[in-house]
Each structure stands twice: as C-alpha cells, then as structure tokens.
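J.: have a look at this fold, sequence not included:
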C-alpha cells in the first residue's frame, strides 16, 4: 500500500531540498504559514437573528427599562429644589446697584424669598453661573498643578501655562493661572425671618464640600516654616482679581486655608458646560430635632456682591436642594430610560405584527424579474 506524507510547509510553497536551502532560481514564498490564525480558521460564533430571538429581546428591554425610568423620574421629582437669581440686571432688582461694580469694589444687597414647602434632611446650597465658559481650552490649561500640590520650586517659578497670570509686579503669583484668578468670591448668608420682624441666621457648614481626593491628594500647602502660610507665601503676589492673598482665605481654620481651602478647591474643578452650579455650603439637619431643616416661611439672602458678571452677559443664582440616593435633581436619566424602553417595546409590537402577517409566506415563491 502506498502511503503519502502530508507536509504543511510543502503545501504552503515551502519545498524541501535544494529549493528549501535557497537554491538558485527559487524565490521565497510570500504565502502565510498554514496556521489557524493566519489562515483565518479560528473558531468563531455569530448570532443568527430570527424572530424568535429578536422579538423577545425588544420586549424584555422595554419591560426592564420603562419601570427603571419611571422610578428614576419619580425619585428626581421628589427632590426639592429652590432657585433664586440675584444677578441684578433689572432696575427694580435689589442687587441692581451692586451689579455695576467692578472686581475691585464690594457691595452688599439682600434678596427676600419664601419657601412654600419645608426642606427635610440635609440641604445643599449651591451658587450657579451662566454664560461662563470654564471649558475653554486656554482657560482649562491655565494652572500649575505642581504649585497647587505644594511644590516649593513652583512657587518661585510657576508654569508658563499660567500666562498672563503668572507674574505680578515681578513677583510670582500664587495660585497662578486664569482659573484661580477668576475665583468666585461672593459671600452668601441665609436668614430666617420671623413674623415679628426678627431674623435668625441659618448655620452654613463650609467644610466637606470638596472631593476627598482633591482635598487630601491634589491640593497641598507647601511644607515648612512651621506651617506658617504668611511666611511661606511672603515672596508671592496674590492673583490680580483677588481681594486678599491665598493665606487669608480662612485664617481661623488652618485645615481650610491656603491651597486646601475648600471653596478654592471646588472652583478649581472646572465645569464642562457654560451653565453650571458648584456646591457652596451644607445646611445640616439637627438629628435631635423633629423640625425641618428649612421650615416653610420667609427668608433673606444676604449677599456680599463681589463677583461681576454683566461684562460677559452672565447670570448668578443661589440654589437650595435636597438629594436622594441618585444625587441631585436631574430628570434626564429617567426620561432617557423611559424613551429607550418605549421605543424598544413599540418596535417589538411592530415587528411582531409584520412577522405574523408576512412570516408564514413560502420562501419558494417566485420573485418577478
């Protein structure tokens, strides 16, 4: 019986003998090796889409997404939120006079408002800005992260990315850059107005508003000088638009002063959209009290108006909001789930009708030319 030996290399053009040894007149083959990978013989799986698999998938997605969306939407609507605009661009506005001031001026105004519903649990106070493009490329890059992390060499020689807010009067600026220079510096105070005309200050907590990683990792004060920030920053100039140097942001609390000031840290985390809000204070509920954190009634917002916005047609607002397990008030996610689920369920019904009406036709029907 004749037996033949299979040689994969010979089949691929790799012959033995003198040709394999590089004999004369024989060129090297460019054919890929006879392997499963190079010859595309690896095992593969491809789903076969039939009515029995596609239609249930549409219905399952719809039946899952719609209840989730309804739950998210209802949860978002249960979050209480109150917003008041204090830009002062109208003549009859309480802050109209202050809105004409510049960066170097300071003005005080008050805006009265009423809460129709009490706010339970912790209440978060935000400040909001509109038409402020923190996402501009040059603005986002205008900072020195090494300086903000406590690098002493960056105090004396800030990054060139900070230009034109790198030096002032031939002294290096700390913190340098356009982001730090435009720090939001309005001061907001909230008072409850009693019917007899007296008022009570609402305690506002200023710590715990920044991300933990920002507070303890990304932002640090320069070490040395026995943690005396006045000596540490004595050879640095304050940002051009600031009313006070960085070591006076909160001199009464060493854990909230300098580069680790939480108001400063919150501002340095730039927003993605031109209309945004940033956490300003927290109104904590008294656990031993059964009264709401903010009962219904009249309130007064006392404002130290230091931040001009009319030059770029911006607006300022104060927001009071509660939160839930999904965060702040945002109905978009619930609406998106309901929309996707409804579309999938509708497509499932349409495809089911089409399959029921045309699916039983013979596949051997003649097709006209």
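T.: Here it is on my side, so go on. None of the values given here were measured: they were computed from a predicted structure.
J.: backbone dihedrals for residue 316, please?
T.: When read as degrees, to the nearest 10, the backbone of residue 316 gives phi -120, psi 140.
J.: ok, now which ones touch the closest residue to it other than its chain neighbours?
T.: Closest residue to residue 316 apart from its sequence neighbours, by Cβ to Cβ, 6 or more residues apart in numbering: residue 87 at 5.1 Å. Using the backbone N, CA and C atoms, a C-beta is placed for each residue, glycine as well. The neighbours of residue 87, taking Cβ atoms under 8 Å, 6 or more residues apart in numbering as the test, are 93, 95, 99, 309-310, 314-317.
J.: ok, of these, which come out buried?
T.: Buried members of the contacts of residue 87, scored by 16 or more other Cβ atoms under 10 Å, are 93, 95, 99, 309, 314-317.
J.: ok, so of the residues you listed, who is nearest residue 123?
T.: Distance to residue 123 across the buried ones among the contacts of residue 87 (Cβ to Cβ) is lowest for residue 317, with 15.9 Å.
J.: so where's the stretch 201-350 of the chain shaky on pLDDT?
T.: Counting by pLDDT under 70, the stretch 201-350 of the chain shows no low-confidence range.
J.: going by residue numbers, what spans are strands in it?
T.: Under the criterion DSSP state E, counting those that start in this stretch, the stretch 201-350 of the chain carries strands at the ranges 276-283, 297-305, 315-321.
J.: I'd like those strands as CSV, with distance to residue 176 appended.
T.: Converted to CSV, the strands of the stretch 201-350 of the chain look like this (distance: least, Cβ to Cβ, whole Å):
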stretch, distance to residue 176
strand 276-283, 21
strand 297-305, 25
strand 315-321, 25
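J.: highest mean neighbour count out of those strands?
T.: Highest mean neighbour count of the strands of the stretch 201-350 of the chain: strand 315-321, a mean of 20 (counted as mean count of other Cβ atoms under 10 Å).
J.: helices or strands up against it?
T.: strand 81-85, strand 123-130, strand 276-283 (3 or more Cβ pairs under 8 Å, 6 or more residues apart in numbering; DSSP states H and E).
J.: got a markdown table for those, with distance to residue 341 too?
T.: As requested, the helices and strands packed on strand 315-321 are arranged in a markdown table below (distance: least, Cβ to Cβ, whole Å):
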| stretch | distance to residue 341 |
| --- | --- |
| strand 81-85 | 26 |
| strand 123-130 | 31 |
| strand 276-283 | 29 |
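J.: out of those strands, nearest to residue 348?
T.: strand 81-85 (36.4 Å).
J.: what angle separates that closest one from strand 123-130?
T.: Strand 81-85 and strand 123-130 meet at an angle of 40 degrees, taking axes from the mean of the first three to the mean of the last three Cα atoms, to 10 degrees as the criterion.
J.: what about strand 81-85, average pLDDT?
T.: Averaged across strand 81-85, pLDDT comes to 95.
J.: follow-up on the earlier one: pick out the most distant pair among the buried ones among the contacts of residue 87.
T.: Among the buried ones among the contacts of residue 87, 93 and 314 lie farthest apart (Cβ to Cβ), at 14.9 Å.
J.: do you know which of the strands of the stretch 201-350 of the chain lies nearest residue 194?
T.: Of all these, strand 297-305 sits nearest to residue 194, with 8.3 Å by Cβ to Cβ.
J.: so what strands line up beside the closest one?
T.: Using DSSP bridges, strand 297-305 pairs in its sheet with strand 107-115 (antiparallel), strand 187-193 (antiparallel).
J.: just to revisit the earlier point, figure out which of the helices and strands packed on strand 315-321 is closest to residue 204.
T.: That would be strand 276-283 among the helices and strands packed on strand 315-321, by Cβ to Cβ, at 3.8 Å.
J.: fine by me, we can end here.
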